[in-house]
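Chemist: the following comprises the amino acid sequence and a computationally predicted model.
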Amino acid sequence: MIIQKSKHFFETLVLKERSPRVLAISFCFGVFVAFSPFVCFHTVMILAGCWLFSMNLAVCLASTWLVNNPWTMIPVYSTNYIFGDWLLKFFGLDPLALNPSWMGSINNLMAKYTGLSGLSFWSFMIGGNLLGLVISVILYPVVTVVFKRISRQIYTKKSGKVNINEDYSQKQKSIS
């Protein structure tokens with residue numbers, strides 16, 4: 001049931017968009033936004049990106065919500081933070097020393113209510129943006145091949161059937 005619905009979803013996307021490249025770019029942009037550390041602005045980023053760069057809105061939203069949803073939010077943001085913290089330490093930087101002054105009050109609140117202390121703002125920001133960018137760039141060739149294959153399958157399947165609009169237009173040409 002789920003496989004059939006997802007297959008139908010991809011078929012309708014390919015039939016509407018007709019460009020596997022645009023679909024792949026839209027998917028990868030959605031994945032980048034899903035890893036983005038700007039928590040409350042994902043939908044705004046998707047709408048602005050789709051409007052500015054003429055991407056497919058449905059694919060962007062679907063890929064963002066596929067990666068970052070209420071069930072995956074904590075693992076995604078934890079991975080962002082761990083990657084950013086590792087990256088800053090790899091380059092010999094102290095993540096806590098780079099914190100803005102207001103981050104101290106957030107660390108105090110976090111330590112009081114959750115027991116977590118010593119969180120770094122820049123570990124989260126750098127980790128989320130770089131990890132999203134790297135994963136999107138790695139996914140682009142794979143997703144392009146997948147959308148081309150789906151597109152090829154759909155168009156070969158559809159070419160065996162007579163399209164009602166083409167049949168109607170051919171009748172109109174023969175009448176005139």
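Modeler: Noted; the coordinates are in hand.
Chemist: alpha carbons only for contacts and neighbour counts from here, please
Modeler: Noted.
Chemist: what about S26, how many neighbours?
Modeler: A count of nearby residues for S26, using other C-alpha atoms under 10 Å, gives 28.
Chemist: need the residues that contact the helix or strand containing it.
Modeler: In the assignment (DSSP states H and E), S26 maps to helix 20-35. For helix 20-35, contacts defined as C-alpha atoms under 8 Å, 6 or more residues apart in numbering pick out 14, 17, 42, 45-46, 50, 55-57, 59-65, 67-68, 76-77, 80, 128-129, 131-133, 135-137, 139-140, 143-144, 147-148, 151.
Chemist: switch the cut-off to 7 Å
Modeler: Residues from elsewhere that reach helix 20-35 (C-alpha atoms under 7 Å, 6 or more residues apart in numbering): 42, 55-56, 59-61, 63-64, 67-68, 76, 128-129, 132-133, 136, 139-140, 143-144, 147-148.
Chemist: list buried residues within those.
Modeler: Among the contacts of helix 20-35, those buried by neighbour count (16 or more other C-alpha atoms under 10 Å) are 42, 55-56, 59-61, 63-64, 67-68, 76, 128-129, 132-133, 136, 139-140, 143-144, 147-148.
Chemist: number of residues surrounding K16?
Modeler: Count around K16 with other C-alpha under 10 Å applied: 10.
Chemist: could you report the pLDDT at Y113?
Modeler: Note on Y113: pLDDT of 88.
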